[in-house]
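Colleague: got a predicted model here, sequence first, then my questions.
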Amino acid sequence: MKNAPREKKKATVAFSAIALLVLVAFIAVMLGVAKAPIVVVMLFSWLVMIPFALYLGYNLVEIEKAALDLIRPAVGVMALMIAVGGMVSIWLSAGTVPSMIYWGLKIISPGAFLLVAFVVTSIVSLPTGTSWGTVATVGVAMMGVGIGLGLPAGIVAGAIISGAYFGNGFSPVSDAPLMLSSVLNIKVWDHIKHMSLTTGIAWVLSAVLFGVIGIRYAGAAMDLGSINELTATLDSLFHISPVTLIPMAVVLVMMITRFSALLSILVGSVVGVLVSVLYQGFDLAAVVGYMNTGFSIQCDNAIISSLLNRGGFASMYELVAIIIGSLGVGGILKGTGMLDVLISSMGKSLKSIRSLTVATAIASFITTAMVGTYYFCMTFVGTLMPPLYKKAGYTPENPGRIINNIANCLVAFLPWNAGALYMSSQLGVPIKDFVPFIFFNIIVIVVDLIFGFFGIGAKRYTPEEMAEFAREEAAQTAAAQTAVQTE
């Protein structure tokens, strides 16, 4: 019988490494050569791992169970992602995001354009959680103003991209933190909180650099025509006032007071619906529809249309499918013992926070560079490293911070990556010209590695938790030995 239990073989380090290399090669070829969508690649990666699992003696039912065992704990996060999609659309119709964009554009000063470009794109990327959307909209407008000022295109692009990636890696509504927190099996708010110090330091240092560099252009005259057009369009479409920030304030207060992220977002969405209907004047049926399919509004300004027409539950379906595919692959690796073998072989030499930090960084650099997408890096390294940190007494937030920022920020430097190519095409600047000026992406990785290497701000398990882990491990070992004796 195909699904009858069979004697299992223990995976060796060499066998597991070969399986992993085949998996990486498959993903790289499918993404780089076949140009297949990442969601298709990750789901079909299951089929790549099945022959290896069959060789080890696992039947198809057991393989499927292994995949699903790693997916089940992430169901809550997937629900959160879908809720976030709905919330984004409501924040758009309520005028929350438009107001933030409006005020950000209003603070532009000729004497500090680079700094302001960085700040504005940071402001826009934080509530939207998208680097691509930020660059394609406000970023394009900023690029035009910067060029009009006579600033070097590479520096302007660097400021824009830096601000865009700040939100992409740090926003609680961005796919990167949401996905990684699901892999690490931690709350997204805890993940964001642990990254806040290093991310904050990197942001401030980046702002200082852009401010200092921008001083030399302080005397330039600036054509505010394109910026004024954007703000005028927003002002004509929405009521711009602090009232629009109420939905965001509700979410932040609930999260800070330790309500669950899902409940906070759902309540914030309801408040957003009220603001959309009672303050902005939208039809209730239309607003409810926006939650599902995304906000949609017609205007003559293509940049504003591109920025505002987004969100909805449907916008997250593909990401959820990617996570299911990614976690399923990780589940097969883990359930068949291949991942445990790799962890054990690495664990013999990785016992200090310094060695763990270096190993996490190297693994993140290699997987991101080889595959060219942070999804695989977050899935593989995010599954591989936490058990090693746990043995040393450190929580999953520690590798999570390093993985998040390396995987998220490194892609902008890779000429073969869609992210870098997209930034280049949208801003009209060669990759080699803006790479030296993506200060935030560079600094946040460096700061993370320094903090990790020296254990600064490292989060540890309590002695009681470590003792409980030891008892659980002893019980599992005893159960395994009993099962072997019974056979």
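Modeller: Looks like it arrived, so ask away. Numbering: from 1, shown residues only.

Colleague: what helix or strand is the residue nearest the centre of the chain located in?
Modeller: The central residue of the chain, meaning the one whose C-alpha is nearest the mean C-alpha position (C-alpha atoms, centre = their mean), is A176 at 0.9 Å. Per DSSP states H and E: A176 is located in helix 175-184.

Colleague: next, count neighbours for L230.
Modeller: Other residues lying near L230 total 20 when counted by other C-beta atoms under 10 Å. Using the backbone N, CA and C atoms, a C-beta is placed for each residue, glycine as well.

Colleague: show me the shaky parts of the stretch 151-300 of the chain.
Modeller: Across the stretch 151-300 of the chain, the stretches falling below the confidence threshold (pLDDT under 70) are 218-224, 255.

Colleague: and S162, what does it touch?
Modeller: With contacts defined as C-beta atoms under 8 Å, 6 or more residues apart in numbering, S162 is in contact with 118, 121, 206, 210, 437-441.

Colleague: can you check N405 too?
Modeller: 169, 195, 198-199, 444-445, 448.

Colleague: now for those: which two are most distant?
Modeller: Of all pairs drawn from those, the one with the largest separation by C-beta to C-beta is M195 and I445; the distance is 12.1 Å.

Colleague: output the contacting helices and strands for the strand or helix carrying I303.
Modeller: Remark: I303 resides in helix 302-308, with elements defined by DSSP H and E. Other helices and strands packing on helix 302-308, by 3 or more C-beta pairs under 8 Å, 6 or more residues apart in numbering; DSSP states H and E, are helix 96-106, helix 225-237.

Colleague: buried deepest among those, which one?
Modeller: With neighbours taken as mean count of other C-beta atoms under 10 Å, the helices and strands packed on helix 302-308 reach their highest mean count in helix 96-106, at a mean of 22.

Colleague: orientation of it relative to helix 225-237 in degrees?
Modeller: Between helix 96-106 and helix 225-237, the angle formed by their directions is 150 degrees, by axes from the mean of the first three to the mean of the last three C-alpha atoms, to 10 degrees.

Colleague: could you list every helix and strand in contact with the helix or strand following helix 96-106?
Modeller: On the C-terminal side of helix 96-106, the closest following helix or strand by DSSP H and E is helix 113-128. In terms of contact count using 3+ C-beta pairs under 8 Å, 6+ apart, helix 113-128 is assigned the packing partners helix 75-93, helix 96-106, helix 131-134, helix 140-149, helix 153-170, helix 188-215.

Colleague: for N309, find the nearest of these.
Modeller: Smallest distance to N309 across these (C-beta to C-beta): 8.4 Å, for helix 75-93.

Colleague: what's M466 in contact with, if anything?
Modeller: Contacts of M466 were listed using C-beta under 8 Å, 6+ apart, and they are G393.

Colleague: how far away is it from E473?
Modeller: Here the criterion is C-beta to C-beta, to the nearest Å. By it, M466 lies 11 Å from E473.

Colleague: still on that earlier bit, quick one, which of the helices and strands packed on helix 302-308 is nearest to C377?
Modeller: With C-beta to C-beta, the closest approach to C377 among these belongs to helix 96-106: 28.8 Å.

Colleague: between helix 153-170 and that closest one, find me the angle.
Modeller: Interaxial angle of helix 96-106 relative to helix 153-170 (the same axes, to 10 degrees): 150 degrees.

Colleague: what about helix 96-106, average pLDDT?
Modeller: For helix 96-106, mean pLDDT is 81.

Colleague: quick one, it and helix 75-93 angle?
Modeller: The directions of helix 96-106 and helix 75-93 differ by 60 degrees, with the same axes, to 10 degrees as the criterion.

Colleague: nearest to N309, of the contacts of S162?
Modeller: The closest of those to N309 turns out to be T121 (C-beta to C-beta; 19.1 Å).

Colleague: residues contacting the closest one?
Modeller: The contact partners of T121, by C-beta under 8 Å, 6+ apart, come to 134-135, 138-139, 142, 159-164, 166-167.

Colleague: P463 - how many residues pack around it?
Modeller: A count of neighbours around P463, defined by other C-beta under 10 Å, yields 9.

Colleague: distance of it relative to P387?
Modeller: Distance, P463 to P387, by C-beta to C-beta: 19 Å.

Colleague: now do V145
Modeller: For V145, the distance to P387 (C-beta to C-beta) stands at 49 Å.

Colleague: again, but for V188
Modeller: 21 Å.

Colleague: and these two? which has more neighbours close in?
Modeller: V188 (24 against 16).

Colleague: what number of residues lie near the residue lying closest to that one once chain neighbours are set aside?
Modeller: Spatial nearest neighbour of V188, chain neighbours left out: S181 (4.2 Å); criterion: C-beta to C-beta, 6 or more residues apart in numbering. By other C-beta under 10 Å, 27 other residues sit near S181.

Colleague: contacting residues for S181?
Modeller: Contacts of S181 were listed using C-beta under 8 Å, 6+ apart, and they are 77, 187-188, 190-191, 400.

Colleague: contacts only, for S125.
Modeller: Taking C-beta under 8 Å, 6+ apart as the contact definition, S125 lies against 131, 134, 163-168, 171.

Colleague: which element, helix or strand, includes the nearest residue to M254 once chain neighbours are set aside?
Modeller: Computed as C-beta to C-beta, 6+ apart, the closest residue to M254 that is not its neighbour in sequence is S264, at 3.8 Å. Assigned by DSSP H and E, S264 belongs to helix 261-278.

Colleague: return the set of buried residues in whatever helix or strand comes next after that helix.
Modeller: Scanning forward in sequence from helix 261-278, with DSSP H and E defining helices and strands, the next element found is helix 284-293. Neighbour-count burial for helix 284-293, with 16 or more other C-beta atoms under 10 Å as criterion, is recorded at 287, 290-291.

Colleague: what's the domain layout of this structure?
Modeller: Per automatic domain parsing, the domain ranges recorded for the chain read 13-70+317-486, 76-315.

Colleague: and the shortest one, how far out from the chain middle?
Modeller: Read that as domain 13-70+317-486. From the chain centre to the centre of domain 13-70+317-486 is a distance of 14 Å (C-alpha atoms, centre = their mean, to the nearest Å).

Colleague: I'd like the average pLDDT over that domain.
Modeller: The average pLDDT for domain 13-70+317-486 rounds to 86.

Colleague: using CSV, write out every CA atom in stretch 444-463.
Modeller: Included here for stretch 444-463 are C-alpha records, laid out as CSV according to Å, rounded to 0.1, in the frame of the first residue of the first chain:
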residue,chain,number,x,y,z
VAL,A,444,20.2,48.9,9.6
ILE,A,445,22.1,45.7,8.6
VAL,A,446,25.3,46.9,10.2
VAL,A,447,23.6,48.1,13.4
ASP,A,448,21.7,44.8,13.7
LEU,A,449,24.9,42.8,13.3
ILE,A,450,26.7,44.9,16.0
PHE,A,451,23.8,44.5,18.4
GLY,A,452,23.6,40.8,17.7
PHE,A,453,27.3,40.1,17.9
PHE,A,454,27.7,41.8,21.3
GLY,A,455,24.3,40.7,22.6
ILE,A,456,23.0,44.2,23.0
GLY,A,457,19.3,44.1,23.7
ALA,A,458,19.2,40.3,23.3
LYS,A,459,16.0,38.8,24.6
ARG,A,460,16.5,35.7,26.7
TYR,A,461,14.3,32.9,28.1
THR,A,462,13.9,32.9,31.9
PRO,A,463,15.6,30.1,33.9
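
Colleague: thank you, goodbye.
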